[in-house]
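Enquirer: Okay, sequence plus prediction incoming.
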Amino acid sequence: MSEDYIVRAGAADSAIRAFAITSRGLVEEARRRHQTSPVVTAALGRLLTGAAMMGVMMKGDQDLLTIQIKSGGPMRGMTVTADSHGHVKGYPLTADVMLPPNAKGKLDVGGAVGPGIMNVIKDMGLKEPYVGQTILQTSEIAEDLTYYFAASEQVPSSVGLGVLMNRDNTVKQAGGFIIQLLPFTDEKIIAALEKKIGGLSSVTELLEQGHTPESLLEQILGDFGLEFTERIPASFSCGCSKERVEKAIVSLGKQDLREMIADGKPIEVKCDFCNTAYRFSVEELEAILKR
């Protein structure tokens, strides 16, 4: 299913760095696993799409990026995690939110998410992870990430994200771009770039017209000496396993384990990120307690 990939590029003699992604497969995978409603699919899909690109900005093989949104809308928030290799996973706190379309007749992502905060946590193998916290600006995700880059990382950026649904509520298109200006970028370039981005149609419209990540960036940066440097496959990927879930059960402590065993029923534990269910029989629980 997954023909998703991310491209990395530079332009204007490396004064501009850019990323673009097509992410229909991974957003559809998230929708299928979490059985999300259309507006939740769009919200989670945008965040997964943005996080996948932000993940590949990190240098280290083991680096991990987590974006947590805690919000006051009916979705209550969502969490996504990405690594530096194009793998991303995530889940909404409430999967089945239904809302009427917004004033533009589009899925009301801002209304579903609602006011709140966004935490960006980068675990780069140092003693303490880097944490940047910002207040959600529009709760439509792309503008919130744009604001995060400016406020927390002091990098002027433009983020475009889009998810388009089919009538049967599967994902028709998903993708996006992140364009960043490095310090000392010439004012003329900045002005020309702002004009270019201002005149751009929405990401979903561009994807519907058949644009690829490469041609998306061509549209924006074609006049600035665009050079592609890397192409990275992207996918929804979760590293959970029965062994990992077992560790989580062990961490509950002996008392809780004894109570579960006393119930005499098998238990089922679900991974938040991918919704995979792991079943443990009473015998397995007894064996865990013995250890």
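Expert: In hand now; what should we look at? Residues are numbered from 1 along each chain as shown.

Enquirer: Tell me, how many residues neighbour residue 222?
Expert: By other Cβ atoms under 10 Å, 12 other residues sit near residue 222. The C-beta positions use only the backbone N, C-alpha and C, and glycine is treated the same way.

Enquirer: cool, and residue 228?
Expert: Residue 228: 15 surrounding residues under other Cβ under 10 Å.

Enquirer: Can you give me every residue that contacts the nearest residue to residue 212 once chain neighbours are set aside?
Expert: Among residues not flanking residue 212 along the chain, residue 22 sits closest, at 6.6 Å (Cβ to Cβ, 6 or more residues apart in numbering). Neighbouring residues of residue 22 by Cβ atoms under 8 Å, 6 or more residues apart in numbering: 3, 4, 5, 174, 175, 207, 212, 213.

Enquirer: if you look at those residues, which of them are in strands?
Expert: Those of the contacts of residue 22 mapping onto strands are 5, 174, 175, per DSSP state E.

Enquirer: returning to what we had before: just the buried ones out of the contacts of residue 22, please.
Expert: Buried members of these, scored by 16 or more other Cβ atoms under 10 Å, are 4, 5, 174, 175, 207, 213.

Enquirer: Mind pulling the model confidence for residue 2?
Expert: pLDDT, residue 2: 51.

Enquirer: I figured residue 133 hits residue 116, correct?
Expert: No - applying Cβ atoms under 8 Å as the test, residue 133 and residue 116 come out as separate, 10.9 Å apart.

Enquirer: got a list of what the most centrally placed residue in the chain touches?
Expert: In the chain, the residue lying closest to the centroid (Cα atoms, centre = their mean) is residue 48, at 1.9 Å. By Cβ under 8 Å, 6+ apart, the contact set of residue 48 is 23, 26, 27, 30, 80, 88, 89, 90, 236.

Enquirer: just the CA coordinates of stretch 93-100, formatted as CSV?
Expert: What follows is stretch 93-100 as a C-alpha-only set of coordinates in CSV (Å, rounded to 0.1, in the frame of the first residue of the first chain):
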residue,chain,number,x,y,z
LEU,A,93,-7.4,10.5,22.4
THR,A,94,-10.9,10.4,21.0
ALA,A,95,-11.3,8.6,17.6
ASP,A,96,-14.9,9.1,16.7
VAL,A,97,-15.6,12.9,16.8
MET,A,98,-18.2,14.1,14.4
LEU,A,99,-18.6,17.8,13.6
PRO,A,100,-20.4,19.8,10.9
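
Enquirer: Flag every buried residue along it.
Expert: The neighbour-count check on stretch 93-100 (16+ other Cβ under 10 Å) flags 93, 95, 97, 99 as buried.

Enquirer: okay but the first one is in contact with residue 72, surely?
Expert: No - contact status for residue 93 versus residue 72: not in contact, 11.6 Å apart, counting by Cβ under 8 Å.

Enquirer: can you put the buried residues of stretch 93-100 in JSON lines and add pLDDT, distance to residue 13 and secondary structure?
Expert: Converted to JSON lines, the buried residues of stretch 93-100 look like this (pLDDT from 0 to 100; distance: Cβ to Cβ, whole Å; DSSP: H, G, I helix; E, B strand; the rest coil):
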{"residue": "93", "pLDDT": "97", "distance to residue 13": "44", "secondary structure": "coil"}
{"residue": "95", "pLDDT": "96", "distance to residue 13": "46", "secondary structure": "coil"}
{"residue": "97", "pLDDT": "97", "distance to residue 13": "46", "secondary structure": "coil"}
{"residue": "99", "pLDDT": "95", "distance to residue 13": "45", "secondary structure": "coil"}
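
Enquirer: quick check, nearest of the residues you listed to residue 288?
Expert: residue 93 (28.6 Å; Cβ to Cβ).

Enquirer: Helices of the stretch 51-200 of the chain, residue ranges please.
Expert: For the stretch 51-200 of the chain, the helices defined by DSSP state H, counting those that start in this stretch cover 109-113, 142-152, 187-198.

Enquirer: coming back round to it: now, among the buried ones among the contacts of residue 22, which is nearest to residue 68?
Expert: Distances from residue 68 to the buried ones among the contacts of residue 22, taken by Cβ to Cβ, are shortest for residue 174, at 20.9 Å.

Enquirer: Thanks a lot, catch you later.
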